[in-house]
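Undergrad: from the sequence below, what's the structure:
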Amino acid sequence: MNHKKPDPAGILQTIRHRPGDVMKPGYLQLWNEEEQARIDRDIAANRMADASFTPGDIPEGAEVQVEQTSHEFVFGAHIFNFDQLGDDGYNALYKDLYGTLFNSATIPFYWKTFEPTEGNPRFQAGYRDSAEFWNTIKDPKSQPHWRRPPTDPLVDFCEKKSIRMHGHTLVWNNARWHVPEWVYEIIPDEFRRGAEAPANPNFTPRIALFESMTPARLDSLLPGYACRIHALMARRILEIGLRYQGRLHSWDIVNESATDFAKGALVPGDNICISPTGLLPGDYAYRALKIADAIFPKKVLLNINDYNLGDDYVRQIADLKARGCKIDIMGAQMHLFNPQDCLDIADGKSSVQSPSGVRATMGRLAEAGVPIHLSEVTLTSPGEGERAQLIQAILARNLYRLWFSLEPLMGITWWNVVDDCGAPGEPSVSGLFTRDMRPKASYYALNDLIHNEWKTRLVVRAGKNGRVEFRGFRGNYRLSWSDSRGGARSVSIQLGNPQP
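TA: Numbers count the residues shown, from 1 in each chain. Purely as a prediction, here's the structure:
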């Protein structure tokens, strides 16, 4: 890769005004001037509001500086690599992004690494979680707690910087990535591994052996298992919920359950859910949401999250709400993990994530009647060269603009911020920064949108009785002026209903 100092102005000039230098005609035709004009109109309609305030002591006709200080809309990222980048300078640059580019951080609560041994959750940090430890590790991916920092330091850090926090995730029926091995110890070994399978800390139980059984039959075959898994799931939600109460603003209570629902595996009254990915309690999505609703303060937003964005997801939410579940936000994942997919889009060979396709998907999800959080976004650079980085940046700019324009969306969360910091199988070049924390073109594209195009800064003249009127993006503002004696005055106001 070229290591010369980047030219942000030149990069933005290409991204904004000369995308044809990078993208092929087929792509440009989908994102044409008419489409861009529609996006602009929808942004103005759905993300801006008219302000009218009389803060007091403003002389009629006085100049008033209007400065937006924060957004209502959520622009987030996960914070999984906290203190793990192997260099104090890299760590400092990473942390600086939260509260500047990102106003929200997704905090990891994956059960397998949060509670690797029963009864010992990793709330607090030890030496192995310190920057000093990670600075000595040559192969961080070999460590089981890579991308899984303890949670108390993250919550403290975000609170000090007034960053919105989102917990991910409390319940996920996935034995490979979420449910610890010790949860399955009650299952006889021949069902867990099979005689031919060696011991493997990342094993997946041989659930295929159970898939032809009814939950009642499996319940009789594994006496005591249903009681144990119900108790463990409830204890986990209670322990985490009671510790943090309202400190985190929202939680993914349930992750990736729509496929189990679609297959008929989430049945009220069943003791066990038999799924290809794990063995959680029967009807676990309903039960988890009910427990969480009883524990968290009412101001905390309870989310459900999924990659399955079909009609089944909408039907599942309707079913859960009809049974009295509190669902405040639905999460929708969008991962383009394969670099070739992004290259095909840029070359006009694929219409994946086209404007019409995005609108159709989000319109379908909006039928659930709850705000949508685009909760996990992956856009991959198809390589490490200049064009590859610009492709990622142009894809990001156009998609963020489109997503921001859609009324049902309340936020967008980028997933892997730094290259080569994803989970196994995720692309190594999907970050906004290189592994040594050099900003990529995609960083400049998003920073330009969030802090330039979508941030209101203007000067207006006070009207009769010192009334200040303007139109701006929803969020928090500071109004500054000189009073009748020439003294500097300012006041903070809120336009719209900023996220908690």
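Undergrad: which helix or which strand is home to residue 68?
TA: strand 63-71 (DSSP states H and E).
Undergrad: tell me which residues of that strand are tucked away?
TA: 64, 66, 67, 68, 70, 71 (16 or more other C-beta atoms under 10 Å). To be clear about C-beta, it is placed using only N, CA and C from the backbone, and glycine gets the same treatment.
Undergrad: where does this protein have low pLDDT?
TA: 1-5, 190-209, 498-500 (pLDDT under 70).
Undergrad: need the helices for the stretch 151-300 of the chain, in chain order.
TA: 151-160, 189-192, 215-221, 225-244, 258-262, 284-295 (DSSP state H, counting those that start in this stretch).
Undergrad: now the fourth one: buried residues?
TA: If I follow you right, that is helix 225-244. 225-226, 228-230, 232-234, 236-237, 240-241, 244.
Undergrad: which of those residues lies closest to residue 311?
TA: residue 233 (27.3 Å; C-beta to C-beta).
Undergrad: hang on, that closest one packs against residue 288?
TA: Yes - look at residue 233 against residue 288 with C-beta atoms under 8 Å: they come within range, at 6.6 Å.
Undergrad: on that earlier part again, partner strands of the strand holding residue 68 and their direction?
TA: strand 457-461 (antiparallel), strand 475-482 (antiparallel) (DSSP bridges).
Undergrad: C-terminal to the last one, what's the next element?
TA: Using DSSP H and E, the helix or strand that follows strand 475-482 towards the C-terminus is strand 488-495.
Undergrad: doesn't residue 341 make contact with residue 350?
TA: Yes - using C-beta under 8 Å, residue 350 is in contact with residue 341, at 6.6 Å.
Undergrad: if we can go back for a sec, residue 331 is nearest to which of the helices of the stretch 151-300 of the chain?
TA: helix 258-262 (10.8 Å).
Undergrad: what helices or strands is the closest one leaning on?
TA: Judged by 3 or more C-beta pairs under 8 Å, 6 or more residues apart in numbering; DSSP states H and E, helix 258-262 is in contact with helix 311-322.
Undergrad: what does the helix or strand following the helix it packs on rub up against?
TA: Sequence-wise, the next helix or strand downstream of helix 311-322 (DSSP H and E) is strand 329-336. Strand 329-336 has contacts (C-beta atoms under 8 Å, 6 or more residues apart in numbering) with 250, 252, 301-307, 309, 313, 317, 342, 345, 352-353, 361-362, 365, 368, 370-380, 410, 415.
Undergrad: in space, what's closest to residue 106 - neighbours in sequence excluded?
TA: Nearest residue to residue 106, sequence neighbours excluded (C-beta to C-beta, 6 or more residues apart in numbering): residue 78, at 4.1 Å.
Undergrad: ok, the one you found - how many residues close by?
TA: Summarising burial for residue 78: neighbours were counted as other C-beta atoms under 10 Å, giving 23.
Undergrad: now the buried residues of strand 63-71 as TSV including distance to residue 98?
TA: Shown next, in TSV, are these (distance: C-beta to C-beta, whole Å):
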residue	distance to residue 98
64	31
66	26
67	21
68	19
70	13
71	14
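Undergrad: which two of the residues you listed have the greatest separation?
TA: 64 and 71 (20.8 Å).
Undergrad: confirm for me that residue 75 is in contact with residue 101.
TA: Yes - the pair residue 75 / residue 101 is scored as a contact, 7.2 Å apart, by C-beta under 8 Å.
Undergrad: overlap of the contact sets of those two?
TA: Common neighbours of residue 75 and residue 101 (C-beta under 8 Å, 6+ apart) are 446, 450.
Undergrad: would you mind measuring from residue 416 to residue 65?
TA: Distance of residue 416 to residue 65, computed by C-beta to C-beta, to the nearest Å: 38 Å.
Undergrad: er, residue 481 actually
TA: Distance from residue 481 to residue 65, by C-beta to C-beta: 7 Å.
Undergrad: who's residue 280 bridged to?
TA: residue 273.
Undergrad: OK, contacts around it?
TA: Residue 280 sits in contact with 171, 173, 179, 229, 233, 272, 273, where contact means C-beta under 8 Å, 6+ apart.
Undergrad: same check on residue 343?
TA: By C-beta under 8 Å, 6+ apart, the contact list for residue 343 reads 382, 383, 388, 391.
Undergrad: who wins on neighbours among these?
TA: Counting by other C-beta under 10 Å, top hit in these: residue 391 with 28 neighbours.
Undergrad: pretty sure that one contacts residue 346?
TA: Yes - counting by C-beta under 8 Å, residue 391 does reach residue 346; the two are 4.5 Å apart.
Undergrad: any idea which element residue 400 lies in?
TA: Applying DSSP H and E, one finds residue 400 within helix 386-405.
Undergrad: so what's the gap between that helix and the chain middle?
TA: Centroid separation for helix 386-405 versus its chain: 17 Å, with C-alpha atoms, centre = their mean, to the nearest Å.
Undergrad: what angle do that helix and strand 329-336 make?
TA: 160 degrees (axes from the mean of the first three to the mean of the last three C-alpha atoms, to 10 degrees).
Undergrad: what is helix 386-405 packed up against?
TA: helix 8-17, helix 33-47, helix 339-346, helix 355-366, strand 372-379, strand 409-414, helix 441-448.
Undergrad: apply 7 Å and report the result again.
TA: Applying 3 or more C-beta pairs under 7 Å, 6 or more residues apart in numbering; DSSP states H and E, we find helix 386-405 packed against helix 8-17, helix 33-47, helix 339-346, strand 372-379, strand 409-414, helix 441-448.
Undergrad: so how far is the fourth one from its chain's centroid?
TA: Looking back up the chat, that one is strand 372-379. What separates the centre of strand 372-379 from the centre of its chain is 6 Å, taken as C-alpha atoms, centre = their mean.
Undergrad: now swap in stretch 151-163 and tell me
TA: On C-alpha atoms, centre = their mean, the centre of stretch 151-163 falls 16 Å from that of its chain.
Undergrad: contacts for that stretch, please.
TA: The contact list for stretch 151-163, computed with C-beta atoms under 7 Å, 6 or more residues apart in numbering, reads 79, 82, 98-99, 103-105, 107, 109, 123-125, 165, 244, 247-248.
Undergrad: filter the residues you listed down to the buried ones and hand me the ChimeraX line.
TA: Per 16+ other C-beta under 10 Å, the buried members of these correspond to this ChimeraX selection:
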select :79,82,98,99,103,104,105,107,109,123,125,165,244,248
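Undergrad: from the contacts of stretch 151-163, which is closest to residue 36?
TA: Nearest to residue 36 among those, with distances taken as C-beta to C-beta, is residue 103, at 25.4 Å.
Undergrad: how far away is that closest one from residue 97?
TA: Taking C-beta to C-beta as the measure, residue 103 falls 11 Å from residue 97.
Undergrad: same check, this time on residue 105
TA: In terms of C-beta to C-beta, residue 105 sits 9 Å off from residue 97.
Undergrad: and if you look at residue 305?
TA: Counting by C-beta to C-beta - residue 305 and residue 97 are separated by 22 Å.
Undergrad: over to residue 318?
TA: Between residue 318 and residue 97 the computed distance is 37 Å (C-beta to C-beta).
Undergrad: contact partners for residue 252?
TA: Counted by C-beta under 7 Å, 6+ apart, residue 252 has contacts 167, 168, 169, 170, 303, 305, 331.
Undergrad: residue 88 too?
TA: Taking C-beta under 7 Å, 6+ apart, one finds residue 131 in contact with residue 88.
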